[in-house]
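S.K.: what's the 3D shape of this:
(chains A and B)
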Amino acid sequence: MKQEVLVLYLNTSALDADVLAWAYYDGTGRTNPTTGDSDLPPYDTGVEALRDGWRLFQASQLIPPYPGHEYDTSFLKHEFWFEKIG
Amino acid sequence: MTTSKHLLTSVEVARFVANGFHRMDAIVPPDLNAEAIGIMEAGLGPVPYGTPVGEAYEPGSFTRRLLEIPAVAGALQSLLGSDPTVDHHAIHIREPHEGGAQPLHGDAIIDTRIDAFDVQLMYYPQEVTGTMGGTLSVPGSHLRRTNESDTGRYQNLRGQTRLTCPPGTVVLLHHGIWHGGRRNDSDIRRYMYKIRFNPTAPQVRTWDVSDLDDPQVAAELNVYHPWCEHATARLEIYNRVKMWRALTNNPSFDVEYWATRVANRPGRT
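M.R.: Residues are numbered from 1 along each chain as shown, chains lettered A, B, ... in the order given. Below you'll find the model as predicted:
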């Protein structure tokens, strides 16, 4: 029982929003994904990943901006973690 | 640094403000590219932080000749103004079939300057093909407030640039842009020479401003990048407006009324 982890960054806080960025970590050792290895996301939306058998186990909270920093930009906001056990 | 008439236009500088880079393909002549590999194999000694360019690189030296290429000198002058200093320089070599890529990162430490910026020159003396692990960068990420490799979790983003280029390509980067050396899956050593420059004078109207009122300036600043959330992209434009106001010394410049609207407080100080 080994874990595969998929992280999808979506356009809004909705799980059916478009995928903007992604990462994949393969605990099975079958593949060796790394930074900058693909220009096309594995799914178009978060829901599409669900339909392919990925289990959602964490989603970003909606946190108001810190006072005085409302216009600052930083990390990608809408991060969703999925797993498969293979 | 050599003065040059090859200054960037306002449209080109606005594009830099929106994207965080200015790319010049095959700008370095073949003889200099041929010499570069040997120079980079032998290594270059360190340059003390803050050394004027003219002191860091002797007349006739390899680096001096690189920086005196008119288009390179003109672009550096346009972004940094006169008399920049060398922060540091480094040679980056990615070995064939090197195991991993660098995590996505910004260089140095978190740097929140909006009215000043450093420029990083990246020079590629050889052709870089898709399998050679050319530098990954994320257009428009340079104004994000993140620290060094805290972005290492992000493997791929829509609209990212996986650099492929002809020999002699030079890319000038804003200090904050997210980037990283990719895994070299080829049989060829990949070489890149990086120099970081610091400005020494206000970066205000340092380019050819004859087209400052061109509507294309606002159009460049108004770009939405494919990796950026739609809502946050509006904040990116707001921050580019702040940067453009500083670079042009025009406190009323705006794009789509984003900055003007939220500052409108009639009767309040």
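S.K.: what's the nearest residue to the residue in the stretch 1-150 of chain B that chain A sits nearest to if we skip its chain neighbours?
M.R.: Proximity of the stretch 1-150 of chain B to chain A (CB to the nearest CB) peaks at B:L136, 3.6 Å away. Bear in mind the C-beta positions are built from the backbone N, C-alpha and C, glycine included. Distances taken as CB to CB, 6 or more residues apart in numbering or on different chains put A:G36 closest to B:L136, at 3.6 Å, once the chain neighbours are dropped.
S.K.: Tell me the secondary structure at the one you found.
M.R.: Following DSSP: H, G, I helix; E, B strand; the rest coil, we place A:G36 in the coil state.
S.K.: B:R15 versus that one, what's the distance?
M.R.: 23 Å (CB to CB, to the nearest Å).
S.K.: who in chain B is up against chain A?
M.R.: B:100-104, B:136, B:143-146, B:150-158, B:160, B:162, B:180, B:182-183, B:226-232, B:235-236, B:238-239 (CB under 8 Å from any CB of the partner chain).
S.K.: Can you tell me which of those are buried?
M.R.: The neighbour-count criterion (16 or more other CB atoms under 10 Å in any protein chain shown) marks B:101-104, B:136, B:143-144, B:146, B:151, B:153-158, B:160, B:162, B:180, B:182-183, B:227-229, B:232, B:235-236, B:238-239 among the residues of chain B next to chain A as buried.
S.K.: mind listing the strands for the chain?
M.R.: Because you didn't say which chain, this covers chain A. Applying DSSP state E to chain A gives strands spanning A:3-10, A:19-26, A:55-59, A:79-85.
S.K.: my question was about chain B
M.R.: Using DSSP E, the strands of chain B run over residues B:21-24, B:51-52, B:85-94, B:119-124, B:136-137, B:156-157, B:161-162, B:169-174, B:179-180, B:190-198.
S.K.: Kindly present the ones you listed as JSON lines, with separate columns for mean pLDDT and distance to A:L40.
M.R.: Below are the strands of chain B laid out as JSON lines (pLDDT from 0 to 100; distance: least, CB to CB, whole Å):
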{"stretch": "strand B:21-24", "mean pLDDT": "98", "distance to A:L40": "22"}
{"stretch": "strand B:51-52", "mean pLDDT": "98", "distance to A:L40": "44"}
{"stretch": "strand B:85-94", "mean pLDDT": "96", "distance to A:L40": "24"}
{"stretch": "strand B:119-124", "mean pLDDT": "98", "distance to A:L40": "25"}
{"stretch": "strand B:136-137", "mean pLDDT": "96", "distance to A:L40": "15"}
{"stretch": "strand B:156-157", "mean pLDDT": "98", "distance to A:L40": "8"}
{"stretch": "strand B:161-162", "mean pLDDT": "96", "distance to A:L40": "12"}
{"stretch": "strand B:169-174", "mean pLDDT": "98", "distance to A:L40": "24"}
{"stretch": "strand B:179-180", "mean pLDDT": "96", "distance to A:L40": "19"}
{"stretch": "strand B:190-198", "mean pLDDT": "97", "distance to A:L40": "24"}
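S.K.: Select, out of the strands of chain A, the one closest to chain B.
M.R.: strand A:19-26 (4.0 Å).
S.K.: Output the closest one as CSV, nothing but the C-alphas.
M.R.: Backbone C-alpha positions of strand A:19-26 (Å, rounded to 0.1, in the frame of the first residue of the first chain) are rendered in CSV as follows:
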residue,chain,number,x,y,z
VAL,A,19,-6.4,23.7,-12.9
LEU,A,20,-3.7,26.4,-13.1
ALA,A,21,-0.7,24.5,-11.6
TRP,A,22,0.1,21.0,-10.4
ALA,A,23,2.5,18.7,-8.7
TYR,A,24,2.7,14.9,-8.5
TYR,A,25,4.6,12.8,-6.0
ASP,A,26,4.8,9.1,-6.6
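S.K.: mean confidence score for it?
M.R.: On average, the pLDDT along strand A:19-26 is 98.
S.K.: Quick check: helices, which of the buried ones among the residues of chain B next to chain A are part of them?
M.R.: In this view, these that belong to helices under DSSP state H are B:232, B:235-236, B:238-239.
S.K.: who's in contact with B:Q216?
M.R.: B:Q216 makes contact with B:11, B:14, according to CB atoms under 8 Å, 6 or more residues apart in numbering or on different chains.
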